Structures are given as C-alpha cells and as structure tokens.
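[1] here is a sequence together with a model predicted from it:
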Amino acid sequence: MVEDYEIDELDSKIITKLQEDGRKSFREIAKEVDSTAVTVINRVEKMEEKGIIKGYTADIDYRKLGYHVVAAIELVVKGEHLQEIQEKLNNHKNVTAIYKITGDTDILTIAKFKKRDALGNFVVDFLLDSNMVDKTITHVAFDTFSEKYNIELTEEDITK
C-alpha cells in the first residue's frame with residue numbers, strides 16, 4: 001500500500017510550478033510562490049525523499065516522433081506470474097503505464113508503437129508467448145485527443 005503524504009499550500013504551489021516547467025530554477029520558483037530559495041530547496045528535497053517528486057522529465061509529443069499506434073491492453077495473468085509480468089512490462093521500452101485493475105482482467109497497460117506490426121509482435125511474442133499471460137484484450141486508439149500526466153492540486157489536497 002502506498003503511504004499518503006499530506007502537503008501544505010507551499011508544497012502545492014512548488015509542485016504546480018515544477019509541473020509547469022521542471023527546468024525553472026529554485027530562485028525563480030521561490031519568487032513566484034513568495035518564499036526563499038532555501039525553503040524551496042528544502043521542500044523539494046523533502047518531497048523527493050518521500051517519493052512525491054520522483055524525477056524530472058521533458059513533455060514529449062511522441063506522435064511527432066512517429067509513435068502513432070497507442071494501445072490499451074488488458075491482461076489476464078496466470079496468478080503466480082503477476083509480479084513477474086509487471087516487472088517485464090515495466091522494463092519494456094514501449095510501455096508507458098501499468099495498472100493493477102479490478103474486473104475480469106488483472107492488468108491494464110498502455111503502450112505506444114510506431115507501427116501496427118510492432119504492437120502485434122508485442123502482444124503475441126512478448127505477452128502471449130511468455131506463458132505468463134492467459135489472455136489479452138487489446139484496444140487501439142484511433143486518435144489522441146489529450147494526454148496529461150499531471151493533475152491540478154486543489155484545496156482538498158492541502159493539509160489544513
């Protein structure tokens with residue numbers, strides 16, 4: 001189980017600024033959130049230690065790099081292989097998300113490919129031939145309307 005960490009208003013403002021631009025300096029963030037650079041640095045370090053901030057990354061438009069095939073793949077996993085298939089998926093270069101879900105399937109994974117045959121190879125050769133997966137249900141996106149990786153923090157997220 002993931003341990004919740006309660007943030008205050010300053011943490012929320014810092015997170016929002018980092019989501020807007022992860023390359024912004026601590027000095028710039030401090031000015032924008034009405035704090036000091038030292039305080040911002042300490043808060044960010046604390047959130048990094050607690051695993052709230054896990055890293056910094058660029059927002060890439062993968063469609064412009066040729067990744068036009070986006071698939072949501074549901075997996076029915078042979079029970080004893082659940083952890084193993086999660087690790088295998090996590091190490092696959094095309095997989096962008098893995099969720100343990102409720103319902104008739106065990107895992108939902110999101111993956112991106114340049115060509116449909118690469119998706120086919122992933123499902124058949126990588127998943128089904130692994131002898132860890134009993135069944136897959138593959139959904140292919142026709143178009144991407146929006147992809148967001150951040151959510152806006154609200155008053156409800158802040159410790160009073």
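    Arrived safely.
[2] please name the nearest non-neighbouring residue to Ile52.
    Once flanking residues are discounted, Ile52 sits nearest to Tyr5: 5.6 Å by C-beta to C-beta, 6 or more residues apart in numbering. Backbone N, C-alpha and C define where each C-beta goes, glycine included.
[3] tell me the contacts of that neighbour?
    Met47, Lys50, Gly51, Ile52 (C-beta atoms under 8 Å, 6 or more residues apart in numbering).
[4] which among the residues you listed count as buried?
    For these, a burial check counting by 16 or more other C-beta atoms under 10 Å picks out Met47.
[5] got a list of what Lys46 touches?
    By C-beta under 8 Å, 6+ apart, Lys46 lies in contact with nothing.
[6] if I look at the residue nearest the centre of the chain, how far off is Tyr149?
    Nearest to the geometric centre of the chain sits Ala97, at 5.6 Å (C-alpha atoms, centre = their mean). Relative to Tyr149, Ala97 is positioned 9 Å away (C-beta to C-beta, to the nearest Å).
[7] helix/strand/coil for the residue nearest to Ile52?
    Under DSSP: H, G, I helix; E, B strand; the rest coil, the three-state class of Tyr5 is coil.
[8] same question for Gly51.
    Applying three-state DSSP: Gly51 is coil.
[9] and it, what does it touch?
    Contacts of Gly51 by C-beta under 8 Å, 6+ apart are Tyr5.
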